[in-house]
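Chemist: Compute the structure for the input listed below.
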Amino acid sequence: MFSINNLDRLAMVIIESLHQGDEARLEKVSSQLTPIEKDTLKTLTNCWRSDVSENNEKLNDLIALCDKKEAILVDLVIAEKSLEVADIKTHNDYILKTFLAIEKAQDTLEKRFIDFSTIVKIKGFIAQNSLDKALPETETLNTSNDKFIEGYKFFLLGLIYKLKGSRYLIKAENSFKEAIKIFELYCPNSYLSNLSKLHLAFFLNTSPIELSQIADQFKKLGCAKETNLALAQYHRLTKLNKEGLVRENLADNSSSVGKYHFIGEAMQDCFRRLTIIARLSNGHVLILGQEGTGKEAFAHTIHQLSDRRDKPFIVTNCASLKNELFEAEWFGYEKGAFTGADKVKKGILEEANGGMVFLDEIGELTPQIQAKLLTVIQDGVFRRVGSNSEISINIRFIGATNQNISNMIEKDKLNRESQKPTLEGTFRSDLASRLFLKITVPPLNKRKDEIIYLADIFLSESSPNETFILDNSAKQYLLNREYPSNVRSLKNFLECAITYAKQNNKLLINSDLLLQAESLISIEIDSIEASSANLTFQEQTSRFQSNLIKQTLLRCGNNVVMAAKILGLAKTTLYDHIKRLGIET
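Modeler: You can find the predicted model right below:
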C-alpha cells in the first residue's frame with residue numbers, strides 16, 4: 001500500500017483552513033506535524049497566500065521543496081497556483097502527478113481530498129477554456145453530505161456558465177447565488193463565500209462601496225490574486241481595468257479596450273478569444289477578415305491585453321515594403337554600410353524588441369521579403385546591414401490580411417513544382433505555419449447588433465462639441481444599409497451625414513437626412529477595394545440596385561407605389577427587382 005504523510009492525511013483540514021483564513025485551526029494542524037512537515041506547511045501557506053502573478057518566488061520555493069519532499073497536497077497546490085500565472089504546462093504536469101499518486105494511495109486518502117483534487121483539475125480546464133471538459137466533470141462531482149464540495153461545485157458551475165456566454169448568464173447567476181447560500185451557512189466570510197459574491201457582483205447592481213467592502217474582506221484572507229481574478233470578471237481583466245483600459249457593460253453585452261469596442265455576441269466571442277491569445281500565449285498571430293472589419297483594432301487589443309502592453313507596438317504596411325529597402329528599414333545599418341549611411345541606424349526590429357510588430361496586409365509581402373521574415377521569426381536573430389554581429393530579439397508578430405491565404409499557399413506550392421513559376425499572389429506555407437494563432441474578424445453584416453452602438457460612438461467622436469441623435473427611422477436605415485467596406489463604410493457614411501446635418505442646422509438625424517447624405521459619399525460600389533474588387537460587374541450592379549431600392553423603400557415607409565414613382569419605374573418592374581434581389585418589404 002502506498003504510504004502517505006501527515007500533510008496528506010490532514011490535507012482537507014489544511015485546505016479548508018486556508019480557504020476560511022482560520023489561523024487557529026492551522027496552528028492546531030501544525031502541532032500534529034513533524035518539524036520537516038511544519039516547514040513544508042509554512043512554505044505551502046506562504047505560496048497559497050502570495051500573489052504569484054506579481055512575484056512567483058513563493059511558487060518556485062514550493063516547487064523546489066516538492067523535488068525534495070513528496071506530498072500530494074504540495075503537488076496539488078502547485079497545480080492550482082500555476083493557473084494564476086497562466087502556466088498551463090506546470091499545472092498539467094502537477095495535476096497529472098497528483099492523480100497518479102492518488103491512484104496509488106486512494107484507499108488511505110480522505111475521499112473529500114480526492115474530490116477537491118478533481119476541482120483543481122476542473123479549474124485547469126476552465127483556464128484553458130475547455131468548457132466541454134469542465135462542465136461534465138463538475139456536474140458529476142459527488143457532494144453528498146459535504147457542504148464545502150457542494151458549494152465549490154456551484155461556484156465552478158457559475159464560472160463555466162459565465163464563460164459560455166450571454167445565453168447562460170441566468171444559470172451562472174443562480175449558481176453563484178446557490179454557492180453563496182451554502183458558504184454563508186457553512187463558513188461565513190470565507191474565501192469562497194466572498195469570491196462568489198465578487199463574481200455575482202458582475203450580474204447585479206452592486207455599488208462600488210459594496211464591492212470594495214467585499215473585496216477588502218476577501219483580501220484580509222491574504223488572497224489578493226483571487227480577488228483580482230474575481231474583480232476581473234466584474235470589469236474584465238483587473239490590471240488593465242486599474243489602468244482604465246478595459247471596461248465591460250453587461251447590460252448591452254459590450255466590452256472596450258481603450259478606444260476599441262466589442263459589441264454583441266459575435267464580438268464578445270472574439271473578445272474572449274483575443275484575451276486568451278493575448279494572455280496565455282506568446283505565439284505569433286494571423287488576423288483574417290474583410291476590408292474595414294477592424295483587424296488593426298484586434299491587433300492593438302492583443303497588445304493592450306498582453307504582458308507586452310508597456311513595450312513597443314509598431315505598425316508596418318506590408319504593401320509599401322520594397323525588396324531593395326527592406327533590410328535597411330528592418331535590420332538597420334552600420335555607419336558606412338552604403339553610400340549615404342553616415343551614422344548607425346537602428347531598424348524596426350531593434351526598435352520593437354520586447355514588444356510587437358503588426359504586419360498589416362501581410363499577403364502583399366513579396367516572396368523575397370517573406371523568406372527574410374521567416375528567417376527572423378525562426379531564428380530570433382538578425383544582422384544590421386554592414387555588420388557581422390548577430391542581434392537577438394524577442395518580438396511577437398501579428399499579421400493581418402483580407403486575402404484568401406489558403407489559396408495563396410496552394411498557389412505557392414504549385415509555383416514550387418512549376419518550371420516557370422508566377423510568383424505574384426503567393427504565400428509561403430512555412431511562414432503561415434509560424435503565424436499559428438488565427439482569428440477571423442466577422443464582417444459587419446454578421447454583427448448587426450453593433451451598428452447602432454458604433455454609429456453613436458462615431459457621431460460623438462466626429463463632432464465632440466455637438467450632440468447628434470439618431471431617430472428610429474435613421475436607426476432602421478442604418479441597419480438595412482449595406483457596408484461594402486464594413487466598419488470603415490459605416491464611419492465614412494456617418495461623417496457625410498454629419499456634414500449634411502451641419503449644412504442644414506439639424507441635430508436630429510432621420511432617414512430622409514441619411515438618404516440625402518448618400519449623395520455626398522461616392523457610391524459604395526465605389527469600394528473597389530477588397531470586398532468589391534472580387535465581384536463581377538453584374539454582382540456590383542446588383543449590389544448598387546439593392547442599396548438604392550432599400551433606401552428608397554425606407555424613405556417611403558415601404559410604400560412600393562411611391563418608391564416606384566421616385567425611381568421612375570413601373571410598379572410591376574420594381575416588384576420584379578425586389579423579388580430578384582431578395583429584398584424584404
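Chemist: Let me know whether residue 90 touches residue 77 as I believe.
Modeler: No - under the criterion of CB atoms under 8 Å, residue 90 makes no contact with residue 77, lying 11.9 Å away. C-beta coordinates here come from the backbone N, C-alpha and C atoms, glycine included.
Chemist: between the two, which one's more packed in?
Modeler: More crowded of residue 90 and residue 77, by other CB atoms under 10 Å: residue 77, with 26 against 17.
Chemist: Counting neighbours, what do you get for the closest residue to the more buried one other than its chain neighbours?
Modeler: Using CB to CB, 6 or more residues apart in numbering and skipping the chain neighbours, the partner closest in space to residue 77 is residue 44 (5.6 Å). By other CB under 10 Å, 25 other residues sit near residue 44.
Chemist: separation between residue 44 and residue 23?
Modeler: 15 Å (CB to CB, to the nearest Å).
Chemist: what does residue 581 give?
Modeler: Counting by CB to CB, the gap between residue 581 and residue 23 amounts to 74 Å.
Chemist: Of those two, which one has the most company?
Modeler: Neighbour count, other CB under 10 Å: between residue 581 and residue 23, residue 581 has more, with 14 against 10.
Chemist: Model confidence for the nearest residue to the more buried one once chain neighbours are set aside, exactly?
Modeler: Closest residue in space to residue 581, ignoring its immediate chain neighbours: residue 546 at 4.7 Å, by CB to CB, 6+ apart. pLDDT for residue 546: 82.
Chemist: show me what contacts residue 546?
Modeler: Listed by CB atoms under 8 Å, 6 or more residues apart in numbering, the contact set of residue 546 reads 482, 581, 583.
Chemist: how about the helix or strand hosting it: buried residues?
Modeler: Taking DSSP states H and E as the definition, residue 546 sits inside helix 537-555. Within helix 537-555, the residues that count as buried by 16 or more other CB atoms under 10 Å are 540, 542-543, 545-547, 549-555.
Chemist: Closest one to residue 442 out of these, please.
Modeler: Using CB to CB, residue 543 is the member of those that lies nearest residue 442, at 19.3 Å.
Chemist: Just the ones in helices from the contacts of residue 546, please.
Modeler: When the contacts of residue 546 are checked against helices (DSSP state H), the matches are residue 581.
Chemist: With pLDDT and distance to residue 126 added, can I get the contacts of residue 546 in a markdown table?
Modeler: Putting the contacts of residue 546 into a markdown table (pLDDT from 0 to 100; distance: CB to CB, whole Å) gives the following:
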| residue | pLDDT | distance to residue 126 |
| --- | --- | --- |
| 482 | 85 | 40 |
| 581 | 85 | 47 |
| 583 | 84 | 46 |
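Chemist: Excluding residues flanking it in the chain, which one is nearest residue 409?
Modeler: Among residues not flanking residue 409 along the chain, residue 429 sits closest, at 4.8 Å (CB to CB, 6+ apart).
Chemist: pretty sure the one you found is in contact with residue 412, am I right?
Modeler: Yes - counting by CB under 8 Å, residue 429 touches residue 412, with 6.6 Å between them.
Chemist: of the two, who's got more company?
Modeler: Taking neighbours as other CB under 10 Å, residue 429 and residue 412 compare with residue 412 leading, 21 against 15.
Chemist: Off-centre distance for whatever helix or strand residue 351 lives in?
Modeler: If you go by DSSP H and E, residue 351 is part of helix 348-352. Chain-centre distance of helix 348-352: 25 Å, with CA atoms, centre = their mean, to the nearest Å.
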